[in-house]
Structure formats: C-alpha cells, structure tokens
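would you be able to build a 3D model of this:
(2 chains)
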Amino acid sequence: MSESPTQAAAHGGTSRARQYLTIFFLLFLLTVIEVAVAYVHGYKTEVVVALFALALVKAACVALFFMHLKWETRVLRATVVVPLSLPVLYALILISEAAWRRLAG
Amino acid sequence: MQAAAAHAHGTREAIWPQDAQFGRASAGKIAMWIFLVSDGLSFAGLLLSYGILRGESEVWRHPDEPALGVAFTAGLTFLLICSSVTMVFAYEAALRGERKRTALLLGLTALGGALFLLGQYSEYFGILHPGLTKEGLVFGQSAYASTFYVITSFHGAHVFSGTAYILVTLVRWLRGRATAAQIELLGLFWHFVDLVWILVFTIVYLIPTG
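Numbers count the residues shown, from 1 in each chain, chains lettered A, B, ... in the order given. Okay, here's the model as predicted:
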C-alpha cells in the first residue's frame, strides 16, 4: 500500500498534487459525460443505469482519494463502506419489488 | 522480560491486546467518520423517500411546473469539485507548514462554498432572472416540488455550515491555533458535502422526468 499524504509529508515524500489533479480532471470529464447522457432520449433504463454508474464512480473517487479512504486501515474502510452500502441494497430491493409488481399487474 | 512486563503494567499495551489496527486513526478522525456515516444515512433516507414517491407517482412533474436547470446546476457541481481540490491542496500545504498558502487555499474553498450558496439562492428565488419559486415550483404543491426543496436545502444547510466551519478554521489557522490534523477533519466534512452533491445532482436533476 502506498503512503498516505500524512505519511508522505512526515517522510519528506513527494506531493500528491499530480494525483489530485488527475482526479479533478476525471471528475470534470465524468460530469460532462453525465450531462450528455442525461439528454439522450428513448433509452430511459440504459440512461438511468449509466447515470447511477457514473455517479458511483465519481463518489468513489472523492471518498478514496480526496477523503484518503484509500490509505486508511481496512477496519476504518469497512466501518464506512458497509453501513453506507445498506441503503443501496434496500433501494435495489425496492426497485426489484416495483418492477415485479408492474410485470405481474 | 519481567522488567518489560513491569514497565508495560498499567499502560495501554498492558490493558489492550496487540492489534495491528490500533492507533492508526486519531479519535477526532474516527468521530468525524462516525458523524459522516450517520449524516450519510440521513441523506440516504431522503433519497430513498424521493425514489419511492417518484416511482409510485403517475405524473411526477405536472405541465405547469418548471423543469430543473441542468446546465446551471452542472456549473454548481463543477464549482464544488473545484473547492474540493483547493481543500486537498490546503491540507497538503498545512502538512508542509506553508502558512500563507494554506490560508489562501482555505479562503478559496470558502469562496467556492459561498458562490455555491449564491447559485442555490439564484436557483430558488432568482437573481437577474425569475427563480423556480416564481416559475411555479412551490413547496407543498406537489411531491416533485417538496422533495426538491427538502433535499437541496438540506444539502445547502451542509454547504452553509461547511463554509462557516472553513472560515472558523481559517481564523484559528491564522492565529496559530489550528493544526494540519484539524484541517484534515475539516476536509473530510467538505469532501463529504461534495460527494453527497454528486448523488443529489444525479438523482434529482439528471434522471429524466419523461
């Protein structure tokens, strides 16, 4: 595992400026793609799935690199990720249930 | 061996068993993460309610209600992303002990937060153009309107408190009373505000209503 920004600074290591700027340009690019995808007509399910996928990638970039979760211990990562995954699971159950009712009705 | 055991007696090492994870995050950082997880679950509750209401509605946006401004809000999203970048650079500068650079970057981050709030005010009430309230998006009139105002204003309250938090930390930093570790905690809160907005922007603004 590479050094966290704190460890890098403590050991006189290099700045993470380049990595932060890469993430910034990636977030900018993904936002532009998101807006373009939102204007696509006629493929609602595909558009919604693509938008959620793009949003999750962007959120993961912020959490891992800007919030330094990538360099935290496994226990802290799990403490954050597991509880916040449960609403996503709940949403998937609700979406499946609604889709099932529509198919059955 | 006995001397080492006697030395350890009464210390944390003697009370707690050996644990590779022990002491890797400060109490302040763990406390901030606990707060952010609970706050994240609050947002999750709001967004799930939004999804249920929207999924069960026959017509989500009525013809007399305005559409949300995607291009304008994409600009606000970009603004928050920029402020996240200035925040990580502020933390890096603080780690290196660069006082002026840290203060400048914290100031720019606070400016980003203030501009976001100004943009949200303009979206609601209008500056140089009629806002959503004047265009017919009225709180309490429909689930579309009410969920929009509840979710975006709850996030706006976070931006406001985050901006105030930055300004207080900036003043403390200039007086030599804030540490790099405290700026890291501030950064965690600010990046969380950015992260939540990424999800709000997608779910509330981008998913097509048609």
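
longest single helix anywhere in the chain?
Answering for chain A, as no chain was given. The longest helix of chain A (DSSP state H) is helix A:74-104.

ah, no, chain B please
From DSSP H, the single longest helix across chain B is helix B:143-174.

for it, buried residues please.
B:144-149, B:151-152, B:155-156, B:158-160, B:162-163, B:165-167, B:169-170, B:173 (16 or more other CB atoms under 10 Å in any protein chain shown). Every residue, glycine included, has its C-beta placed from N, CA and C.

with stretch B:107-120 instead?
B:107-117, B:119-120.

what about B:S57, how many neighbours?
Here the number of neighbours of B:S57 (other CB atoms under 10 Å in any protein chain shown) works out to 12.

ok, now which ones touch it?
B:S57 makes contacts with B:143-144, as judged by CB atoms under 8 Å, 6 or more residues apart in numbering or on different chains.

likewise for the one 4 residues further on?
Under the criterion of CB under 8 Å, 6+ apart, the contact list for B:R61 reads B:67, B:144, B:209.

where does the chain dip in pLDDT?
Answering for chain A, as no chain was given. A:1-15 (pLDDT under 70).

if you could check chain B rather than the one you did, that'd help
B:1-23, B:210.

and the helices in it?
So, for chain B - with DSSP H - the helices run B:2-8, B:12-15, B:27-56, B:70-95, B:99-125, B:132-135, B:143-174, B:180-200.

quick one: list the elements packing against the fourth one.
To tie it back to what came earlier, the one meant is helix B:70-95. helix A:5-10, helix A:17-38, helix B:99-125, helix B:180-200 (3 or more CB pairs under 8 Å, 6 or more residues apart in numbering or on different chains; DSSP states H and E).

give me the number of residues near A:V75?
14.

and if you look at B:T209?
11.

distance of it from B:S122?
22 Å (CB to CB, to the nearest Å).

same deal with B:S161?
20 Å.

now swap in B:L53 and tell me
26 Å.

again with B:V88
B:V88 is 28 Å from B:S122, by CB to CB.

of these two, who's got more company?
B:V88 (27 against 17).

right, and that one touches A:Y20 too?
Yes. Between B:V88 and A:Y20 there is a contact at 5.1 Å, judged by CB atoms under 8 Å.

mutual contacts of those two, please.
A:F66.

contacting residues for the residue lying closest to B:L47 once chain neighbours are set aside?
The shortest distance from B:L47 to any non-neighbouring residue, by CB to CB, 6 or more residues apart in numbering or on different chains, is to B:I203 (5.7 Å). The contact partners of B:I203, taken as CB under 8 Å, 6+ apart, are A:55, B:47, B:50-51.

export those to CSV and append columns for neighbour count and distance to A:V80.
Converted to CSV, these look like this (neighbours: other CB atoms under 10 Å in any protein chain shown; distance: CB to CB, whole Å):
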residue, neighbour count, distance to A:V80
A:A55, 21, 18
B:L47, 20, 18
B:Y50, 20, 23
B:G51, 17, 22
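
so what touches stretch B:170-181?
A:6, B:26, B:28-29, B:91, B:94-95, B:99, B:102-103, B:106-107, B:110, B:169, B:182-183.

what about that stretch, start to end distance?
13 Å (CA to CA, to the nearest Å).

chain center to that stretch, what's the gap?
Its chain's C-alpha centre and that of stretch B:170-181 lie 21 Å apart, by CA atoms, centre = their mean, to the nearest Å.

check stretch A:82-89 too.
13 Å.

tabulate the CA atom coordinates of it in PDB.
Extracted in PDB, the C-alpha atoms of stretch A:82-89 (Å, rounded to 0.1, in the frame of the first residue of the first chain):
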ATOM      1  CA  VAL A  82     -20.600  -1.400   5.000                       C
ATOM      2  CA  PRO A  83     -23.300   0.900   6.600                       C
ATOM      3  CA  LEU A  84     -23.500   3.100   3.600                       C
ATOM      4  CA  SER A  85     -23.900   0.100   1.300                       C
ATOM      5  CA  LEU A  86     -27.100  -1.000   3.100                       C
ATOM      6  CA  PRO A  87     -29.300   1.800   1.700                       C
ATOM      7  CA  VAL A  88     -28.100   0.900  -1.800                       C
ATOM      8  CA  LEU A  89     -29.200  -2.700  -1.100                       C
END
